[in-house]
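In: turn this into a model:
(one chain, ligands or ions: 1)
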Amino acid sequence: MAQSLLRPGTLSSPVRRGTVRGTYFVQTWGCQMNEEDSEQIGLYLEELGFVPAANPQEAHVVLLNTCSVRKKPEDKAFSFLGELRAFKAARPEMVIGVAGCMAQLRADEIKHRNPFVDFVVGTAQVSAIPGLVEEALQSRRFAKRTDLPERKGSVVTDIPQRNVSRTAKLKAFVPIQYGCDKFCTFCIVPTTRGRERSRPTEDIVQEVRRLAEIGTQEVTLLGQTVNSYGKNLAEGRVPFSKLLRLIAGVPGIRRVRYTSPYPRDFKADVIEAIRDVPQVMEHCHMPLQAGHDGLLARMKRLYTVESYAQIVADLRAEVPNVGLTTDIIVGFPGETDEEFQHTLDVMERFRFDGAFMFKYSPRPGTPAATMEQIDKQVASDRLDKLIKTQQRIQCEINEGLVGREFEVLVEGPTPKNPNLMQGYSRCFRMLHFPAPADFRGELVTVKVTEPHLWGLVGTVV
Ligand code: 5AD
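Out: The predicted structure follows:
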């Protein structure tokens with residue numbers, strides 16, 4: 001299997017042909033959807049004749065792919081633009097574009113604060129980027145392209161064009177759905193990415209087939225609420241569990257993952273697919289957000305702690321080795337000590353294998369931003385407490401795994417030690433183990449010898 005990845009010729013897509021016109025640099029913040037969009041941006045720029053630059057200073061074209069989910073990534077993007085100002089002053093021919101969620105949301109402000117920016121492009125216009133770069137190279141007039149397609153009636157027609165001339169990779173992200181219809185009160189995503197639109201099933205399957213042909217073994221299906229996939233397709237409803245089975249059936253695809261499912265829509269058919277289809281991994285990243293029904297109601301999450309608990313119980317009953325991870329927000333408006341204590345209790349009760357934990361960040365324009373905010377220090381202290389609790393639980397879980405064996409897809413050397421290889425188990429635990437470099441792309445069985453907070457160390461058996 002490993003050889004097929006490196007098969008000569010698999011990289012000879014149109015992308016690499018022709019004369020080199022210059023270099024590009026894409027800086028990415030945010031979620032996997034943004035990472036995937038950045039890969040698309042790279043493909044488009046390579047088709048125009050640009051090759052990757054080592055850093056933004058020397059690049060001819062610099063793209064910022066921004067995130068608005070919290071204030072921090074927005075601040076980072078503005079400070080990055082501040083640095084670019086000097087580079088552009090020194091080399092006025094540099095083209096600078098801003099893409100992603102902050103571009104969608106704050107296009108005019110970005111231009112106003114940074115007049116040297118050549119174009120701002122929204123989340124649904126990634127395929128317009130090659131045209132915008134050409135325009136910037138020729139005319140030097142500012143351009144803004146931030147149209148967001150609305151869903152017309154119940155059927156989707158406006159799906160972003162995709163560049164599928166992708167390069168050979170062991171693991172790939174594949175978007176299956178754009179936008180979000182859930183409107184959680186804390187979340188800016190429905191505004192930045194628009195209404196929920198599902199990609200036609202056949203397009204997804206074709207893209208995965210093509211990925212498998214060039215050596216991809218693992219795909220992660222992406223969407224804001226992936227398991228509501230297929231509701232508004234012209235060809236009629238295709239349930240997420242059916243899509244999982246179709247993707248799992250693509251020859252060469254050994255592992256299928258997905259992120260993130262929405263708890264209320266997590267039904268028995270998906271659990272059965274995880275249980276019954278060997279290529280569908282036993283991992284579920286299911287954002288809980290809070291451990292108290294009052295908080296969940298104020299967040300407009302459409303489930304309760306007990307209905308979430310029922311899904312966890314069903315999943316663990318059918319798939320005993322499932323890895324369960326989650327997202328939690330602390331310091332949501334009005335969060336009382338008692339409500340927060342419920343969240344801590346729920347962490348002890350569900351014992352997640354991993355959690356992303358965030359301090360609530362008010363997003364202008366969302367309902368929660370106008371609710372009464374809580375003290376910032378209280379929120380920080382709660383976040384610390386939550387993180388400590390979850391870290392203790394994770395250490396306990398990992399200590400219990402010494403001696404256990406996991407199937408791991410070998411991805412390559414660890415960043416710190418080139419003699420150790422790394423990869424994920426089916427249930428999404430990170431493992432480090434000594435192995436030769438040509439094990440890359442192989443499925444191996446690793447026996448755990450050492451538990452850590454971040455994952456496990458072991459030996460290949
Ligand atoms: N503040 C803090 N965290 C947020 N998230 C989404 N919006 C906010 C916000 N305003 C978190 C949620 C979501 C994850 C991707 O980011 O936990 O699941």
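In: so what's the residue count around Arg21?
Out: By other Cβ atoms under 10 Å, the residues close to Arg21 number 15. Backbone N, C-alpha and C define where each C-beta goes, glycine included.
In: residues contacting it?
Out: Leu48, Gly49, Phe50, His60 (Cβ atoms under 8 Å, 6 or more residues apart in numbering).
In: next, the contact list for the third one, please.
Out: This points to Phe50. Val20, Arg21, Gly22, Thr23, Tyr24, His60, Val61.
In: please repeat the previous calculation with a cut-off of 6 Å.
Out: Listed by Cβ atoms under 6 Å, 6 or more residues apart in numbering, the contact set of Phe50 reads Arg21, Gly22, Tyr24, Val61.
In: got it, and the second one?
Out: Each residue near Gly49 by Cβ under 6 Å, 6+ apart is listed here: Gly18, Thr19, Val20, Arg21.
In: relative to Val250, how far out is the first one?
Out: With distances defined as Cβ to Cβ, to the nearest Å, the gap from Gly18 to Val250 amounts to 31 Å.
In: which residue of those two possesses the greater neighbour count?
Out: More crowded of Gly18 and Val250, by other Cβ under 10 Å: Val250, with 20 against 11.
In: how much space between that one and Arg209?
Out: According to Cβ to Cβ, Val250 and Arg209 sit 5 Å apart.
In: spell out which parts of the protein neighbour the ligand.
Out: Val69, Arg70, Phe186, Cys187, Pro287, Gln289, Asp327, Ile329, Phe358, Tyr360, Ser361, Arg363 (Cβ under 6 Å from any ligand atom).
In: now with 8 Å?
Out: The chain comes close to the ligand at residues 31, 69-70, 184, 186-189, 260, 287, 289, 327-329, 356, 358-363, 366, 368, as judged by Cβ under 8 Å from any ligand atom.
In: what's the PyMOL line that selects buried ones from those residues?
Out: Remark: buried members of the residues of the chain next to the ligand, expressed as a PyMOL selection using 16 or more other Cβ atoms under 10 Å:
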select buried, resi 31+69+70+184+186+187+188+189+260+287+289+328+329+358+359+360+361+362+363+366+368
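In: mind checking which of the residues of the chain next to the ligand land in helices?
Out: Using DSSP state H, the members of the residues of the chain next to the ligand that fall within helices are Val189.
In: quick revisit: any chance of the contacts of Phe50 in CSV, plus secondary structure and pLDDT?
Out: Formatted as CSV, these follow (DSSP: H, G, I helix; E, B strand; the rest coil; pLDDT from 0 to 100):
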residue, secondary structure, pLDDT
Arg21, coil, 94
Gly22, strand, 97
Tyr24, strand, 98
Val61, strand, 98
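In: can you flag the buried ones in those?
Out: Gly22, Tyr24, Val61.
In: closest to Val121 out of those residues?
Out: The shortest approach to Val121 among the buried ones among the contacts of Phe50 belongs to Val61, at 12.6 Å (Cβ to Cβ).
In: the closest one and Tyr24 touch, don't they?
Out: Yes. The pair Val61 / Tyr24 is scored as a contact, 4.2 Å apart, by Cβ atoms under 6 Å.
In: in the chain, what spans have low per-residue confidence?
Out: Counting by pLDDT under 70, the chain contains low-confidence ranges at 1-17, 151-158.
In: mind doing that once more with 90?
Out: Along the chain, segments meeting pLDDT under 90 span 1-19, 139-140, 149-168, 231-236.
In: which ones are touching Asp327?
Out: Applying Cβ under 6 Å, 6+ apart to Asp327 gives the contacts Pro287, Phe356.
In: hey, what's it bridged with?
Out: Following DSSP bridges, Asp327 is listed with bridge partners Phe356.
In: start and end of stretch 311-329, how far apart?
Out: In stretch 311-329, first residue to last residue: 20 Å (Cα to Cα, to the nearest Å).
In: give me the distance from it to the chain's centre.
Out: Mean-position distance between stretch 311-329 and its chain equals 19 Å (Cα atoms, centre = their mean, to the nearest Å).
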